[in-house]
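>>> generate coordinates for the sequence data below:
(one chain, ligands or ions: 2)
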Amino acid sequence: MRYLTAGESHGPQLTTILEGVPSGLALTAEQVNVELARRQKGHGRGRRMQIEKDEVNILSGVRHGYTLGSPITLTVENNDWKHWTGIMGIEPISKEEQDEVKRKITRPRPGHADLNGAIKYGHRDMRNVLERSSARETTVRVAAGAVAKELLKELGIKVAGHVVEIGGIKAEVNEINSLEHLQEVTEASPVRCYDSKVEQQMMDLIDTTKKNGDSIGGVVEVIVDGVPPGIGSYVHYDRKLDAKIASSIMSINAFKGVEFGIGFQAASRPGSEVHDEIAWSENRGYYRLTNNLGGFEGGMTTGMPIVVRGVMKPIPTLYKPLKSVDIDTKEVFEASIERSDSCAVPAASVVAEAVVAWEIATALMEQLSGDSMELLKENIQRLREHAQQF
Ligand SMILES: Cc1cc2nc3c(=O)[nH]c(=O)nc-3n(C[C@H](O)[C@H](O)[C@H](O)COP(=O)(O)O)c2cc1C
Ligand SMILES: C=C(O[C@@H]1CC(C(=O)O)=C[C@@H](OP(=O)(O)O)[C@H]1O)C(=O)O
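Residues are numbered from 1 along each chain as shown. Ligands and ions are numbered 1, 2, ... in the order given. Model prediction:
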């Protein structure tokens with residue numbers, strides 16, 4: 001499966017086309033809208049989220065509530081577009097009109113794509129960069145992920161994401177007993193955190209940071225349960241599923257690092273406290289006594305839950321100005337802003353769920369070659385039996 005996205009942050013809409021989704025998957029706009037609404041929430045979001053109420057339009061590939069196997073087109077309209085029709089118009093305008101409506105951006109914001117994008121594409125107006133580099137694009141990636149999550153659900157695979165750290169405040173996550181429970185608790189939390197003891201501290205930190213004109217980042221975790229062993233492959237670098245998942249997390253705006261299981265802690269532990277010992281029982285087949293490696297060995301799933309974390313840097317647009325240089329005058333100035341999120345880690349945990357779900361669904365489709373849900377279900381059942389009896 002693959003998908004493309006298109007659309008500018010303040011343009012008319014975001015679009016995605018999903019290719020290779022099997023036929024016979026039950027899919028409605030309501031299912032996708034649940035995920036879109038989750039992405040819009042979270043303590044620390046800015047004024048833009050009060051303007052938008054993201055809802056999907058399904059424009060192809062689905063008939064009477066079921067996928068057809070043909071490309072699926074999903075769009076989400078930008079409510080804010082009506083305030084930007086002059087600046088973001090599609091039709092050509094005269095030089096005079098340009099000077100009047102375009103409000104050229106010549107001051108690159110540190111931490112954004114502005115300067116590098118302008119140099120690369122030769123844009124003297126950096127609006128031409130920031131409109132597309134904006135995380136507004138993650139809206140349709142969550143829509144694509146919603147489709148992948150429905151597919152995985154049909155195969156008995158669950159995906160849940162949550163926030164495990166904001167600005168150095170860490171959540172205690174040891175006692176999670178099921179992914180449904182995790183989902184329920186984190187859904188009710190304004191910071192999508194499982195640990196009610198630190199939830200308020202996280203919110204207070206976001207508020208103080210915002211009051212100080214600053215921003216804050218954090219760590220999100222995605223857990224996937226029910227993937228059979230042997231998905232992905234060790235035989236070639238570009239078939240390693242952990243690498244693909246890592247790349248998908250790194251592709252989310254502002255993400256700067258990824259780890260599986262104990263991740264970077266592996267550097268300071270002896271091997272005996274890292275590698276997951278193997279066990280076997282009649283009803284479970286092979287399993288591991290621990291899951292330090294987060295569900296992967298040799299680029300393949302072990303059958304244990306996949307546990308992947310990503311670190312998000314603080315939002316780059318700050319009320320507290322940062323130094324930069326005007327590309328026309330070359331004068332130093334201090335970048336200031338009109339509006340921004342001060343913390344988008346809770347929202348990003350929903351995006352992380354979506355991209356991970358997409359990678360896993362894609363790997364299953366590649367490996368089990370099911371063009372219909374019926375075939376896919378039969379094939380995954382065979383694979384599970386094979387692993388159990390091995
Ligand atoms: C859900 C989400 C919301 C974001 N909101 C903002 C924002 O309001 N202001 C901002 O400056 N950056 C925001 N970002 C981060 C920028 O989009 C990102 O840092 C920028 O595009 C540069 O990309 P890079 O950080 O990956 O290098 C957000 C990111 C995500 C995932
Ligand atoms: C619109 C979304 O996030 C936006 C991501 C973003 C950025 O620079 O990445 C900047 C802000 O946009 P604006 O400048 O219009 O306020 C956020 O609101 C969204 O998440 O749907």
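>>> out of everything not next to it in sequence, what's closest to P316?
Residue nearest to P316 in three dimensions, not counting chain neighbours: G111, with 2.6 Å by CB to CB, 6 or more residues apart in numbering. Placement of C-beta: from N, CA and C, glycine included.
>>> now that neighbour, what's its secondary structure?
coil (DSSP: H, G, I helix; E, B strand; the rest coil).
>>> where's the residue of the stretch 101-250 of the chain found nearest ligand 1 relative to R48, distance?
Of all residues in the stretch 101-250 of the chain, A135 sits closest to ligand 1, at 3.3 Å by CB to the nearest ligand atom. The gap separating A135 from R48 is 10 Å, by CB to CB, to the nearest Å.
>>> likewise for K211?
20 Å.
>>> do D326 as well
25 Å.
>>> same question, V356
25 Å.
>>> if you count what's nearby, which of the two comes out ahead?
V356 (26 against 18; other CB atoms under 10 Å).
>>> contact partners for the residue in the stretch 201-350 of the chain that ligand 2 sits nearest to?
Distances between the stretch 201-350 of the chain and ligand 2 by CB to the nearest ligand atom are smallest at R339, namely 4.8 Å. Taking CB atoms under 8 Å, 6 or more residues apart in numbering, we find R339 in contact with G46, R47, R48.
>>> mind putting the residues you listed into JSON lines with secondary structure and pLDDT?
Output for these, formatted as JSON lines (DSSP: H, G, I helix; E, B strand; the rest coil; pLDDT from 0 to 100):
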{"residue": "G46", "secondary structure": "coil", "pLDDT": "91"}
{"residue": "R47", "secondary structure": "coil", "pLDDT": "93"}
{"residue": "R48", "secondary structure": "helix", "pLDDT": "93"}
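>>> of those residues, closest to I262?
G46 (34.5 Å; CB to CB).
>>> who in this structure is up against ligand 2?
When proximity is defined as CB under 6 Å from any ligand atom, the chain approaches ligand 2 at S9, G46, R48, E52, S134, A135, R136, T139, N253, R339, S340, D341.
>>> filter the residues you listed down to the buried ones.
Among the residues of the chain next to ligand 2, those scoring as buried are S9, G46, R48, E52, S134, A135, R136, T139, N253, S340, D341 (criterion: 16 or more other CB atoms under 10 Å).
>>> out of the residues you listed, which sit inside helices?
Using DSSP state H, the subset of those located in helices is R48, T139.
>>> need the worst-confidence member of the buried ones among the residues of the chain next to ligand 2.
Taken together, these show their lowest pLDDT at S340, with 87.
>>> ligand 1 contacts on the stretch 51-200 of the chain?
Residues of the stretch 51-200 of the chain lying near ligand 1 (CB under 6 Å from any ligand atom): G111, H112, A113, S133, S134, A135, T138.
>>> which elements pack onto the top helix by length along the chain?
Ordering each helix of the chain by length in residues (DSSP H) puts helix 345-368 first. Helix 345-368 sits against helix 29-40, helix 138-154, strand 158-166, strand 218-225, helix 241-250, strand 306-312, helix 373-389, with contacts defined as 3 or more CB pairs under 8 Å, 6 or more residues apart in numbering; DSSP states H and E.
>>> could you give the angle of it to helix 241-250?
Here helix 345-368 runs at an angle of 150 degrees relative to helix 241-250 (axes from the mean of the first three to the mean of the last three CA atoms, to 10 degrees).
>>> which residue sits closest to the residue nearest the centre of the chain in space, ignoring its chain neighbours?
Nearest to the geometric centre of the chain sits V351, at 2.4 Å (CA atoms, centre = their mean). Among residues not flanking V351 along the chain, T138 sits closest, at 4.6 Å (CB to CB, 6+ apart).
>>> for the helices and strands packed on helix 345-368, which one sits closest to T75?
T75 lies closest, by CB to CB, to one member of the helices and strands packed on helix 345-368: helix 138-154, at 7.7 Å.
>>> name the helices or strands packed onto that closest one?
With contacts defined as 3+ CB pairs under 8 Å, 6+ apart, the packing partners of helix 138-154 are strand 2-6, strand 13-19, helix 29-40, strand 72-77, strand 158-166, helix 345-368, helix 373-389.
>>> now render those as TSV, adding mean pLDDT.
As requested, the helices and strands packed on helix 138-154 are arranged in TSV below (pLDDT from 0 to 100):
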stretch	mean pLDDT
strand 2-6	98
strand 13-19	98
helix 29-40	98
strand 72-77	98
strand 158-166	97
helix 345-368	98
helix 373-389	96
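>>> now render these as CSV, adding distance to M126.
Formatted as CSV, the helices and strands packed on helix 138-154 follow (distance: least, CB to CB, whole Å):
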stretch, distance to M126
strand 2-6, 20
strand 13-19, 20
helix 29-40, 26
strand 72-77, 24
strand 158-166, 30
helix 345-368, 24
helix 373-389, 45
